[in-house]
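K.L.:
sequence-free structure coming up:
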């Protein structure tokens, strides 16, 4: 069985082969939500570069205002940490540089064989069948792109036993405002919907923009990942689940009311519960995950 139904570069297999994950409509890319409940991710709004070479370079290429994004197909490093805090813009469909440009990574899709598999306690998960070097792109977290109102409506309709796939990404703008992106792959999405949370993840998420301001939620290897290893990221959006003290206090107060779901990641630093975004339950706040300054 191929979960992607032939829509990816590689077949996404299932284990055990006689079982089948819950049904959903596969889409390798973001899709617009029904009833105009969010932006259209397919809209092309970036003009593209006029580089004649197949290798766009900073600072001459307008798609690279913050230096090169990738080196040998790996996201750039800052010391020993992934450099994921700066905005990432890839060359797009309007650019003249061509498909071989090294600033085209996420848009090329899956480069490693992935498998959806049944875990002992966490339901379905995702693992790699290949070795993945640190810094390489693994997959997107793609789904319906929602506005805040629709994201909040959907999450408040969920029962405690329902799986929540909605992710909120908040980015700081240079004028002090915050840009929010809400993605829900529950009904329409890609293989990223099977990724489980870990308090010590092997993937890190970075917003990557290609054709428009709606970002691709790209997941990169945070370290070398062995074949057959489960893939995971931190649902809270913070690297290695770092939570400031004041947020920890808020979480303790709200634990009983929200009936937080237990975390089974097994990490030494496990917080015991899955992260959640309180703004989708209560008044809108901006203390959630932030990724970069635009």
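P.N.:
Sure, I can see it. Here the structure is a predicted model, which means the values were calculated and not measured. Numbering: from 1, shown residues only.
K.L.:
Quick one: the helices in the stretch 51-200 of the chain, in order.
P.N.:
Applying DSSP state H, counting those that start in this stretch to the stretch 51-200 of the chain gives helices spanning 148-156.
K.L.:
which intervals of it have sub-threshold pLDDT?
P.N.:
78-85 (pLDDT under 70).
K.L.:
where exactly do the strands run in it?
P.N.:
For the stretch 51-200 of the chain, strands defined by DSSP state E, counting those that start in this stretch occupy the ranges 70-71, 74-75, 77-78, 81-82, 88-89, 114-118, 124-128, 137-140, 143-146, 167-172, 178-189, 196-197.
K.L.:
mind putting these in CSV, distance to residue 275 and mean neighbour count included?
P.N.:
Placement of C-beta: from N, CA and C, glycine included. Listed next are these as CSV, based on distance: least, Cβ to Cβ, whole Å; neighbours: other Cβ atoms under 10 Å:
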stretch, distance to residue 275, mean neighbour count
strand 70-71, 28, 15
strand 74-75, 23, 20
strand 77-78, 25, 12
strand 81-82, 20, 16
strand 88-89, 23, 22
strand 114-118, 22, 20
strand 124-128, 17, 20
strand 137-140, 20, 26
strand 143-146, 18, 26
strand 167-172, 10, 19
strand 178-189, 15, 21
strand 196-197, 7, 21
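K.L.:
can you list those strands in CSV and add distance to residue 102?
P.N.:
As requested, these are exported to CSV (distance: least, Cβ to Cβ, whole Å):
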stretch, distance to residue 102
strand 70-71, 6
strand 74-75, 10
strand 77-78, 16
strand 81-82, 17
strand 88-89, 13
strand 114-118, 23
strand 124-128, 23
strand 137-140, 12
strand 143-146, 27
strand 167-172, 24
strand 178-189, 26
strand 196-197, 31
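K.L.:
give the contact list for the spatially closest residue to residue 17 that is not a sequence neighbour.
P.N.:
Residue nearest to residue 17 in three dimensions, not counting chain neighbours: residue 1, with 6.8 Å by Cβ to Cβ, 6 or more residues apart in numbering. For residue 1, the contact set (Cβ atoms under 8 Å, 6 or more residues apart in numbering) comprises 13-14, 17, 20.
K.L.:
Select from those residues every entry located in strands.
P.N.:
Among the contacts of residue 1, the members falling in strands are 13-14 (criterion: DSSP state E).
K.L.:
Adding pLDDT and distance to residue 100, write the contacts of residue 1 out as CSV.
P.N.:
What follows is those, written out as CSV (pLDDT from 0 to 100; distance: Cβ to Cβ, whole Å):
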residue, pLDDT, distance to residue 100
13, 97, 29
14, 97, 33
17, 90, 37
20, 90, 38
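K.L.:
Closest one to residue 263 out of the contacts of residue 1, please.
P.N.:
Nearest to residue 263, judged by Cβ to Cβ, of these is residue 14 at 24.4 Å.
K.L.:
Touching, that closest one and residue 116? I think so.
P.N.:
Yes - the criterion here is Cβ atoms under 8 Å, and residue 14 meets it with residue 116 at 5.1 Å.
K.L.:
what residues do the two have in common as contacts?
P.N.:
3, 21.
K.L.:
Please report the distance of residue 102 from residue 69.
P.N.:
According to Cβ to Cβ, to the nearest Å, residue 102 stands 9 Å off from residue 69.
K.L.:
My error: substitute residue 47 in the last question.
P.N.:
Going from residue 47 to residue 69 by Cβ to Cβ gives 18 Å.
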